[in-house]
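The amino acid sequence is not available; the structure is as follows:
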C-alpha cells in the first residue's frame, strides 16, 4: 500500500461525499426555485460536472494507492453511476410519466452514489488502519 496516495484517496472520497450531499441540496434548491428545468438547476448541473471529473480522477488515485482490487473497481463504478446520472438527465422529458420515472431513478441513483462513496471511504480508512505485513 502506498500510504501517501491512500491518504489522498481518503480525502478525495470525503470531498466527493460532501459534494454528493451538496448535490441533493442543489436539486432541492432547483425545485424550490421554480420546479422546471431552468436557471434554478444551473448549480446542480455544474456540480454534477465537477462530480464526474472528480470521480474520474479518483480511479487512478485508487490504483496508485494500491490498497487492493476493490477500491479501483468501486471508484470506476462511481464514475459510471455519475455518467448514468448525466444520461438520465439528458433523455428525460419533464412532465411525462417516462420523465418522472427517470427522475425517480435519478434520485435513487444519487442515494446509491452516496452509499458507494461512504463505503469506499470506509474501506480506505480500514485499510490504512490495518497493520502492514
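Yep, it's here. The shown structure was predicted, so the numbers you read here are calculated from the model rather than taken from an experiment.

For residue 27, list the residues it contacts.
Residue 27 sits next to 41, 44, 107, 110 when contact means CB atoms under 8 Å, 6 or more residues apart in numbering. (C-beta placed from N, C-alpha, C; glycine too.)

Could you find the lowest-pLDDT member of those?
Among the contacts of residue 27, residue 41 has the lowest pLDDT, at 85.

So for that residue, what's the nearest residue that isn't a sequence neighbour?
Of all residues not flanking residue 41 in the chain, residue 30 sits nearest, at 3.6 Å (CB to CB, 6 or more residues apart in numbering).

so after the helix or strand encompassing that neighbour, what's the next helix or strand?
Using DSSP states H and E, residue 30 sits in helix 3-33. Heading C-terminal from helix 3-33, the first helix or strand you meet, by DSSP H and E, is helix 42-65.

helices and strands around that following helix, which ones?
helix 3-33, helix 70-91 (3 or more CB pairs under 8 Å, 6 or more residues apart in numbering; DSSP states H and E).

Next, the angle from the longest one to helix 70-91.
Angle of helix 3-33 versus helix 70-91, following axes from the mean of the first three to the mean of the last three CA atoms, to 10 degrees, is 20 degrees.

got the angle between helix 3-33 and helix 42-65?
Using the same axes, to 10 degrees: helix 3-33 against helix 42-65 is 160 degrees.

Low-confidence stretches in this structure?
34-37, 133 (pLDDT under 70).

Any idea which residue is closest to the centre of it?
residue 113 (4.9 Å; CA atoms, centre = their mean).

Can you say which of the helices and strands packed on helix 42-65 is nearest to residue 132?
With CB to CB as the measure, helix 3-33 is the member of the helices and strands packed on helix 42-65 nearest residue 132 (8.8 Å).

Determine how far the closest one lies from the middle of the whole chain.
Helix 3-33 sits 7 Å away from the centroid of its parent chain (CA atoms, centre = their mean, to the nearest Å).
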